[in-house]
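1. I'd like to go over a predicted model; first the sequence, then the structure.
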Amino acid sequence: MTARRSRQRGNTLIEFTLVGIPLIFVLISIFEMARGMWIYHSLQHAVKEGARFTIVHGINCTTTPNACGKTVGDVARIIQDSGVDLIPGDVTLTFASESQSVGPCVLTNCLTNTTAFPSGEPGNLPGRNITITGTVRFQSAVAFFWPGAHGGFVLPAFNLPASAREKIQF
């Protein structure tokens, strides 16, 4: 009986190695997919909030005596504040109305853009569409756990897109 046990002592270690390591890799992959979905949802929410902010600053905000007109920087600030978990250097935005297009610009550069948005008729009239599109660069951390990753193996980054289209209200 003891001879049989001594031959089976290494079986548990081998079985764990064959099952445990792939299971840990699957678990890490699930977390990375969840992180990617979180970032995508955050970008979509932030872009939608930026579009909602923009649609209430149309032609009636740019005609005298009103002074509620906004700039690309103002809209970018709303997007940054709404997407608190987004890295500003990884987010690229494009702002478009029917008579104007601004971008693409990285969020950090958009914050200082003083171009009025939406501006110019007919693009800022009530009922006209404005569109804000954004992409965020996503790179998975799974490469850190890949066998042989120390040799410079890097998973490619890819862009997660988001877009919001709204009609100007006033």
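-> Now that the structure is in, tell me what you want to look at. Numbering: from 1, shown residues only.

2. mind pulling up the pLDDT for the spatially closest residue to Gly89 that is not a sequence neighbour?
-> Setting aside the residues directly before and after it, Gly89 is nearest to Thr108 in space (CB to CB, 6 or more residues apart in numbering), at 5.7 Å. C-beta coordinates here come from the backbone N, C-alpha and C atoms, glycine included. Listed pLDDT for Thr108 reads 92.

3. count of neighbours near Thr108?
-> 14 (other CB atoms under 10 Å).

4. report the distance from the strand or helix carrying it to the chain centre.
-> Following DSSP states H and E, one finds Thr108 within helix 107-110. When C-alpha coordinates are averaged (CA atoms, centre = their mean, to the nearest Å), helix 107-110 and its chain have centres 14 Å apart.

5. contacts for that helix?
-> 72-73, 75-76, 79-80, 86, 88-89, 91-93, 103 (CB atoms under 8 Å, 6 or more residues apart in numbering).

6. quick check: longest helix of this structure.
-> helix 11-54 (DSSP state H).

7. by contact count, what packs against that helix?
-> Of the remaining helices and strands, those touching helix 11-54 by 3 or more CB pairs under 8 Å, 6 or more residues apart in numbering; DSSP states H and E are helix 72-82, strand 91-97, strand 129-138, strand 158-167.
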